[in-house]
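Student: Based on what follows, work out the 3D shape:
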Amino acid sequence: MSNKNGKSLLIVLSAPSGGGKTTICRELLKLHSDLKLSISATTRAPRPHETNGHDYLFLTEAEFNDKIRNKEFLEYEEVHGKLYGTLKSNVQKLLSRGNNVVFDVDVKGALNIKKEFPEAILIFIRPPSLEELQKRLKNRKAETAEEIENRLKRLPEEYAHASYFDYDITNNILNETVERITAIINNHKK
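Tutor: Here you go, the predicted structure:
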């Protein structure tokens, strides 16, 4: 269901890499049939469990840069040497169908979405601790030690942007975090 004004809700989740935002998005999509994921485009290689068009739109750097030149992105950012972005056409398609849309983006992307859609609900998700974040990143077995270190170096910048978000939630226990975000979504539907 849309919000009280009949407009679609835009829920934007951001977190440091390994903070749990993708897992939280998956859980929210299971619980809310009216919620659809805005699938981001990226130039990074797919992880073993990811599929093109479902988890991400995997593009070559040349394809991504063509879309930048053609102003096809709502937002895009270079993160850890790879490009990530939200295609305007994908968001417009979801909104035209009356869907509520959830975004899984970095902090700068979230703030750019808010510029375009001031009604967007920004939710920053924190890991419970630096140690837990390091453990999650290592357990993903998707990055080298150097890549993990680069992700951790970005933390101060990401945390500095959290003050611009509507909500700031610590992801200690997954189901509790999902319940808190569900309560936020339901409150905005009223």
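
Student: Now do the contacts for the most centrally placed residue in the chain.
Tutor: Taking C-alpha atoms, centre = their mean, the centroid of the chain lies closest to Asp104, which sits 1.3 Å from it. Contacts for Asp104 (C-beta atoms under 8 Å, 6 or more residues apart in numbering) come out as Leu13, Lys21, Thr22, Cys25, Leu37, Ser38, Ser40. All C-beta atoms are positioned from the backbone trio N, CA, C, and that covers glycine.

Student: Looking at those, which are in strands?
Tutor: Leu13, Leu37, Ser38 (DSSP state E).

Student: before we move on, the earlier item: could I get the contacts of Asp104 as JSON lines with distance to Lys88, pLDDT and neighbour count?
Tutor: Shown next, in JSON lines, are those (distance: C-beta to C-beta, whole Å; pLDDT from 0 to 100; neighbours: other C-beta atoms under 10 Å):
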{"residue": "Leu13", "distance to Lys88": "19", "pLDDT": "96", "neighbour count": "25"}
{"residue": "Lys21", "distance to Lys88": "21", "pLDDT": "88", "neighbour count": "24"}
{"residue": "Thr22", "distance to Lys88": "22", "pLDDT": "87", "neighbour count": "16"}
{"residue": "Cys25", "distance to Lys88": "20", "pLDDT": "93", "neighbour count": "20"}
{"residue": "Leu37", "distance to Lys88": "16", "pLDDT": "94", "neighbour count": "19"}
{"residue": "Ser38", "distance to Lys88": "10", "pLDDT": "95", "neighbour count": "23"}
{"residue": "Ser40", "distance to Lys88": "13", "pLDDT": "93", "neighbour count": "21"}
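
Student: quick one on the thing from earlier: what separates the residue nearest to the residue nearest to the centre of the chain when sequence neighbours are not counted from Ile125, distance-wise?
Tutor: Distances taken as C-beta to C-beta, 6 or more residues apart in numbering place Cys25 nearest to Asp104, at 4.8 Å, with adjacent residues excluded. Distance of Cys25 to Ile125, given as C-beta to C-beta, to the nearest Å: 10 Å.
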